[in-house]
Structure formats: C-alpha cells, structure tokens
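with the input below, show me the fold.
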Amino acid sequence: MSTRIEKRFAKLKAEGRAALVTFTMAGDPDTATSLAVIKALPKAGADMLEIGMPFTDPMADGPAIQASGVRALVAGQTMIKTLAMVRDFRAADNDTPIVLMGYYNPIYIYGVDKFLVDAKAAGVDGLIVVDLPPEEDDELCIPALKAGLNFIRLATPTTDDKRLPAVLNNTSGFVYYVSITGITGSAAPDPGKVSAAVGRIKKHTTLPVAVGFGVRDAASARAIAAGADAVVVGSALVEVVRKSLDKDGKAQAHTVKAVAELVAELADGVRSAKRVMATP
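Model prediction:
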C-alpha cells in the first residue's frame, strides 16, 4: 500500500512538476500559532510538510532553525504536543504528506515502539532523523519501515558513489539531498551542481530526490525545481516567523499570513520551473 508521500510524488510526476516541501518547527513560537501555520501551508501551495521536532542540541541546524527550536522549547513544546498537532491537522486534511524531522534523542526518550505507534496513529507519514547513520538502522529505520512509515535519508555533496548505496539502503519515500556542505541556511546552492548531483543519485535509485538547504525565494526555488523532484525550504520560513514576532517574542496577527505569503511565492517559483532533469 502506497504512503501519502509516494502518492503525492506519483501525482506530481504525472503533472510534470517538482514538489514544494516546507519545513517549520513544531511549537514555534507557540503550539497554537504553529498549528495555524501548518494548516495554512497546503492552501498556500506546499505539497508536503516537514515538521521539526525541537531538540536542545541540534548540531546540523544553522542559527535560524536552532533559534526556532529554542523558541518552541521555551514555549513548552513536547513530543506529545507535536503529535497532537499532527492529529489536529489530519482532522481537516487527510492527503498532505507529513514528515517529522529532527534528532534521535527525543524519539528515544519517548520510547521508539510507543513513538512509532503514536506517530502512525496521528497521521505521520515519514521520518528524517539526521543523526542516525545507516549503520544504526536497527535502532529506528527498520522498525519505522515495519510500522508503515517512510524513512528518509540525507545525502550530501560529500556522499560519494562508494557510500551512496549504504545511504540508500532501506531509504524510502524520497532521498533528501543536502545541496551545500555545512549547516542549514548557510549558503546558496549552485543549480548546475545540484542538477548533476541529483542525476548521480538517480543512477543508484528510483526514489524521488528532494533538494534542500539554501533555498530562500521564488527564484532559487525555480532554479532548483528545474533539476530535482522536490524543493525543500526551511530556514527562510522560520526566519519569517521570527521577524513577525513582537518585542517579547510573541506571535502577532500577521504571523501566519507572513509565512503563507512566502510559501505562495515559493510555490509559484516551483510551478514555473522548466524541467530539465533526466529520468533514470
């Protein structure tokens, strides 16, 4: 049985366009506003949602996403609240794929078996856990696949052809290509290099390849969408949240609208891309 992720990519492939995948941090700047944001994203043009699981030591994240996690934790966000947000979202939207992204520690503390049962029941479709390498697949990856969740792995510019098969083993849903070396939000990707890297990955897998890190606006989204199956935007969105807050760090009336407006611009960029990628 296909997951929502697989169904969405099949639909978009038939339409001849890339997906727009948005990343927002669960609970940033508070649970209610965060839920309102994710509910607004599909209407604004997001095809798939990545929702961050806040963690105290997010080593792969740049300053913007680290700050969003801190705001969420200070506001009292927990894994229980994050899963409740997904359930609330699912009450009105049973089609948009949801991927939880973050680090293993919060899942381990929650309890892997309990987490997988609760995540599946809430309506989660996939997981990206950035600090679990393929050598640790028995910890979470294999149990997640058995539970019916996609397990999405990261590939980077330093993932060579020797390492790539290990990265792709047990990966499902899609492959997340990190377009730059370094932390999130730290540089702009080179569309030519990204397209070549996507082509190289596709020699090893039939899975869709999503590209993230460094996409900030409609122009960069359009450029990346020309040579990838999906464009992931995160740091730019959490920065919009930050800039919308009042001096006390609280959400304002325009917070949700500000995020939705940027997503609409990004969606226009993705949808207007002229596809040049080769199919494997």
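
not counting sequence-adjacent ones, nearest residue to residue 88?
residue 35 (5.8 Å; Cβ to Cβ, 6 or more residues apart in numbering). The C-beta positions use only the backbone N, C-alpha and C, and glycine is treated the same way.

for the one you found, grab the count of nearby residues.
19 (other Cβ atoms under 10 Å).

check residue 237 too.
So residue 237, with other Cβ under 10 Å, has 27 neighbours.

shouldn't the residue nearest to residue 88 be within a helix?
Yes: checked against DSSP: H, G, I helix; E, B strand; the rest coil, residue 35 lies within a helix.

ok, now how distant is it from residue 85?
Per Cβ to Cβ, to the nearest Å, residue 35 is found 5 Å from residue 85.

now residue 51
For residue 51 relative to residue 85 (Cβ to Cβ), the value is 7 Å.

spit out the residues that contact these two alike.
26, 38 (Cβ atoms under 8 Å, 6 or more residues apart in numbering).

and the helix or strand containing residue 176, what does it pack onto?
Using DSSP states H and E, residue 176 falls within strand 175-178. In terms of contact count using 3 or more Cβ pairs under 8 Å, 6 or more residues apart in numbering; DSSP states H and E, strand 175-178 is assigned the packing partners strand 153-155, helix 191-202, strand 209-212.

if we go to 6 Å?
strand 153-155, strand 209-212 (3 or more Cβ pairs under 6 Å, 6 or more residues apart in numbering; DSSP states H and E).

what comes up buried for whichever helix or strand comes after the shortest one?
Right, the one you point to is strand 153-155. Next along the chain after strand 153-155, taking DSSP H and E as the criterion, comes helix 164-168. Using 16 or more other Cβ atoms under 10 Å as the test for burial, helix 164-168 gives 164, 167-168.

from those, which is closest to residue 258?
Nearest to residue 258 among the buried residues of helix 164-168: residue 167, at 35.8 Å, using Cβ to Cβ.

what sits against the closest one?
With contact set as Cβ atoms under 6 Å, 6 or more residues apart in numbering, residue 167 has these partners: 153, 155, 159.

tally of neighbours for residue 78?
Residue 78 has 17 neighbours, counted by other Cβ under 10 Å.

ah, wrong one, I meant residue 215
Neighbours of residue 215 using other Cβ under 10 Å come to 30.

what strand or helix carries it?
Here residue 215 is assigned to no helix or strand, by DSSP H and E.

test my guess that it contacts residue 223.
No: when contacts are counted by Cβ atoms under 6 Å, residue 215 is not listed as touching residue 223 (8.7 Å).
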